[in-house]
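Undergrad: After the sequence you'll find the predicted model.
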Amino acid sequence: IGLVFNTTIALTTCVCVAARTGNVMGEFGCLYEQQYAVALFNKVRYDIEGVGGPQPQLLHRKIPLENKSIFSGSLSQYLEENKKWRNHFFFISDSYNIDYYDSKASHDRRHNPKGTINCAGYKVLTSMEQYLDLISNSLPGVKAKVGSSPFLKCATQFPLILWHPYARHYCFCVLTEKEQQKWHAVLQDCVRHANNGLSEENRVQTPAFTDAVRIYRQTKGHYGTWEMMCGVPSQILSNLVMEDLLPELKELISPRLKGKLPERQRNWMLISDAVYSLVQRQCQDQYEAVLQKCEAAHSSLEASIRTDMDQIITSKEHVTNKIRGKVVLPKAEKLLKVSIQPYISSILEALMEPTSRGFFEVRDVFSRELLDMSKNTLNEGTKETVAQHMEKIFMLAFHPVKMQSCYEKVERLSLEGLQQRFDVSSPSVFVHRAQILMREQMDNLVYTFEQIFHQSLESQGTEDLCKTIQRCQDRVIKKFDYDSSTVRKRFFREALLQIFIPYMLKQLSPACASELPRFQELIFEDFSRFILVENIFEEVVLHSVMKDIMMGQSSTVFSTCFVCAAANVPLYLYGDIPLKINCFKLVYSFNTLTMSRPGVPVCCFGHKVQYYIAHCSFVILCVIFVIFTSARRLCNHRSLFVCSQHNSKSYGRIFTKFLQNVRKSKSNNRLDSGGHLSQFWITSKI
């Protein structure tokens, strides 16, 4: 800040930043201490009672990327220090932090990186126009004139920009569009991982922190989803401070910026980054102090909970019933009927189509990799070759380029028309979460296949590798179908809750807030640390809408059936024939089951499925024919059979006629959906 302004203004700014940070962290600290005790009670209760759920069938890798790298390569980077473009070597480790070096040789020699980029809160841009628009809108009352020269000119036509609302921006460029697409997928993967939120393994600190942040924002009138809930706690708290501080900072700094527009924009970005770094350091120190205070009281709190667990539960249930019956239900029923229930099915459908297509693509990508592996082992099925292919498959879930086709399916998710109604800032929150779930399922799928395949190799050796791969693939695909169905259902339920609960709280809180304090008197003082009426109110609201969400999910046709394009034909039958997969794959789309062929537009359920029904019908009737014929040979009572007057030759003529009718119907692209079995049987018999 001192590089742009004089010392007085810099000190004034620092004092303003420290004061605002202290106020926010003071309020947050009180909320965190309250929520810490509640989260500890919930954790201990869960450990004692246990709540069972569907057990996954796929195996889970505890440390997916231990000592592995995600990606590496060279990029041209714009350096703000000397305003020039320089080639740097970039290395992305298993932490998804981006380290950059002067050259690949510097990395190989284990030199310290020139810098490290943490992608939490960033967005990846591929257009200079989009970037310059964001820069122009960052300062109030400062707009670029049409045709004015920008402060940054890209060295090529293919830029890549990491943009953050508060922190420093990073600008890169490549020579070709293909390179741009590849690096865009890589950077998106880094952003996606960094924005995934806090670890769920810590069942006390994580819920206490997220609830404290949510309640703080609700006190400021922000009830909807928040895009900046990303990164480590210090980053999230810094975003919380900057949300309130940035408007004040703009009013203080903007009038004092001098020079031409590009220079003012550059100076503003430098100031914003400096303030954000300062806020982050202060938030880190104050958060650690609050956390140490709570951890110091952890043992005594847990002892009190375990001693009085039954009484705490009884007291909480009593207060819950009172709040539900006297406060929430009378007001919530009307709100649910008018503003929630009519939108459940439409939002659910908007979530289901792109998400389901993404999981289908995960299945297809995995099958294609195994297909390539099987083709290559036909020519050279040595252990070394198999090990090389298994190493590639090991990294499949974390290969940004190979997984990009899966991620792109979900990026089509749109909640247009519903975002303003339910205060959803952007669907990106749900898109990133679905993509993370797809990556986790892919890794579980790969890891399970590895274990089963290695067991098969130990028992059977390297003979008939294609058959072994096919058998292992069939086993893990069945497990994936079950697990992915469970994961998607849970994702849809959580997404609906994230959309509806903030809206309901925003509508109900003004009317109910004044009634809640009187219920605090029903709680014993010793239990008041673990039972908060505000939390109970939110739980009651959640349960009131959960029933409608579950009914909405059950009423919507949810298909968990997959047909993998590469799984219809056993791999070992391909031999040396050039492979051309020309199968149909099922694509679930809302209430209509559709079929699509690669390269062919999606059509409705109609004709394609009718062919399938016709052939299945023929197979079923053939089985019936065999049963009837066998029974006639074993039984002398011919009157027991419907068609006893026909001999074997007449049965043959009947089924020959039936097959002709099926083929005729197929050529005419029509097959009656109702009563088709009996109709064909009667027609053939006549």
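TA: On my side now, so go ahead. Numbering: from 1, shown residues only.
Undergrad: Going by C-alpha atoms from here, please, whenever you check contacts or count neighbours.
TA: Noted.
Undergrad: Would you map the helices across the stretch 101-250 of the chain?
TA: In the stretch 101-250 of the chain, helices defined by DSSP state H, counting those that start in this stretch lie at 104-108, 128-138, 177-194, 205-219, 233-253, listed in chain order.
Undergrad: of all those helices, which lies closest to Ile452?
TA: helix 177-194 (28.5 Å; C-alpha to C-alpha).
Undergrad: Domain map for this protein?
TA: As assigned by automatic domain parsing, the chain contains the domains 7-60+197-307, 310-596, 606-685.
Undergrad: Using TSV, lay out those domains together with mean pLDDT and mean neighbour count.
TA: Supplementary listing: these in TSV, determined by pLDDT from 0 to 100; neighbours: other C-alpha atoms under 10 Å:
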stretch	mean pLDDT	mean neighbour count
domain 7-60+197-307	90	17
domain 310-596	82	17
domain 606-685	49	14
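Undergrad: In TSV, list those domains along with distance to Thr156.
TA: Rendered in TSV, the data for the domains of the chain read as follows (distance: least, C-alpha to C-alpha, whole Å):
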stretch	distance to Thr156
domain 7-60+197-307	20
domain 310-596	22
domain 606-685	48
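Undergrad: and of the ones you listed, who's closest to Ser103?
TA: Taking C-alpha to C-alpha as the criterion, domain 310-596 is the member of those that comes nearest to Ser103, at 22.7 Å.
Undergrad: From the chain's centroid, how far away is the closest one?
TA: Its chain's C-alpha centre and that of domain 310-596 lie 7 Å apart, by C-alpha atoms, centre = their mean, to the nearest Å.
Undergrad: now swap in stretch 101-120 and tell me
TA: On the basis of C-alpha atoms, centre = their mean, the separation between the geometric centre of stretch 101-120 and that of its chain is 30 Å.
Undergrad: List the contacts of that stretch.
TA: The list of residues contacting stretch 101-120 from outside it, by C-alpha atoms under 8 Å, 6 or more residues apart in numbering, reads 87-90, 96-100, 190-191, 194-195, 230-231.
Undergrad: ends of that stretch, how far apart?
TA: Between the opening and closing residues of stretch 101-120 lies a distance of 21 Å (C-alpha to C-alpha, to the nearest Å).
Undergrad: so for that stretch, what's the average pLDDT?
TA: Mean per-residue pLDDT for stretch 101-120: 94.
Undergrad: What residues of it count as buried?
TA: Of the residues in stretch 101-120, those with enough neighbours to count as buried (16 or more other C-alpha atoms under 10 Å) are 101-102, 104, 107, 113, 119-120.
Undergrad: Now tabulate the residues you listed in CSV and tack on distance to Ala297.
TA: Supplementary listing: those in CSV, determined by distance: C-alpha to C-alpha, whole Å:
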residue, distance to Ala297
Tyr101, 45
Asp102, 48
Lys104, 49
His107, 45
Pro113, 41
Cys119, 34
Ala120, 31
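Undergrad: Quick check: the farthest pair among those residues?
TA: So, those by C-alpha to C-alpha: farthest apart are Lys104 and Ala120, at 25.4 Å.
Undergrad: Counting by contacts, list what the lengthiest helix in the chain packs against.
TA: For the chain, the helix reaching the highest residue count under DSSP state H is reported as helix 465-512. The criterion is 3 or more C-alpha pairs under 8 Å, 6 or more residues apart in numbering; DSSP states H and E, and the helices and strands that helix 465-512 contacts are helix 329-335, helix 341-379, helix 428-460, helix 533-555.
Undergrad: Residues contacting the shortest one, please?
TA: Under the criterion C-alpha under 8 Å, 6+ apart, residues 504, 508, 541, 544 lie in contact with helix 329-335.
Undergrad: could I get the helices and strands packed on helix 465-512 as a markdown table with distance to Glu243?
TA: Supplementary listing: the helices and strands packed on helix 465-512 in a markdown table, determined by distance: least, C-alpha to C-alpha, whole Å:
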| stretch | distance to Glu243 |
| --- | --- |
| helix 329-335 | 30 |
| helix 341-379 | 29 |
| helix 428-460 | 18 |
| helix 533-555 | 24 |
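Undergrad: right, so of those, which gets closest to Phe28?
TA: helix 533-555 (15.8 Å).
Undergrad: and the direction of the closest one versus that of helix 205-219, what angle?
TA: Orientation check (axes from the mean of the first three to the mean of the last three C-alpha atoms, to 10 degrees): helix 533-555 against helix 205-219 gives 100 degrees.
Undergrad: before we move on, what SS does Gln57 have?
TA: The three-state label given to Gln57 by DSSP: H, G, I helix; E, B strand; the rest coil is coil.
Undergrad: right, I mislabeled it, should have said Val424
TA: Per three-state DSSP, the local secondary structure of Val424 is coil.
Undergrad: Phe91 too?
TA: Taking three-state DSSP as the rule, one finds Phe91 in the strand state.
Undergrad: Could you check how far it is from Gln77?
TA: Counting by C-alpha to C-alpha, the separation of Phe91 from Gln77 is 14 Å.
Undergrad: Ok, Tyr447 next?
TA: Tyr447 sits 37 Å away from Gln77, taking C-alpha to C-alpha as the criterion.
Undergrad: and Ala274, what are its phi and psi?
TA: The phi and psi values for Ala274, taken as degrees, to the nearest 10, are phi -70, psi -40.
Undergrad: err, Leu79, not the other one
TA: Backbone geometry at Leu79, expressed as degrees, to the nearest 10, gives phi -100, psi 120.
Undergrad: so it sits right up against Trp85, yeah?
TA: Yes. Judged on C-alpha atoms under 8 Å, Leu79 makes contact with Trp85 at a distance of 6.1 Å.
Undergrad: Looking at neighbours, which among the contacts of stretch 101-120 is most surrounded?
TA: Scoring the contacts of stretch 101-120 on neighbours with other C-alpha atoms under 10 Å, the highest-scoring entry is Tyr100 at 26 neighbours.
Undergrad: Tyr131 and Asn137 touch, don't they?
TA: No. In terms of C-alpha under 8 Å, Tyr131 does not count as a neighbour of Asn137; the distance is 10.1 Å.
Undergrad: Looking at the two, which has the bigger crowd around it?
TA: Set side by side, Tyr131 and Asn137 show unequal neighbour counts under other C-alpha under 10 Å, the larger going to Tyr131 at 17 against 12.
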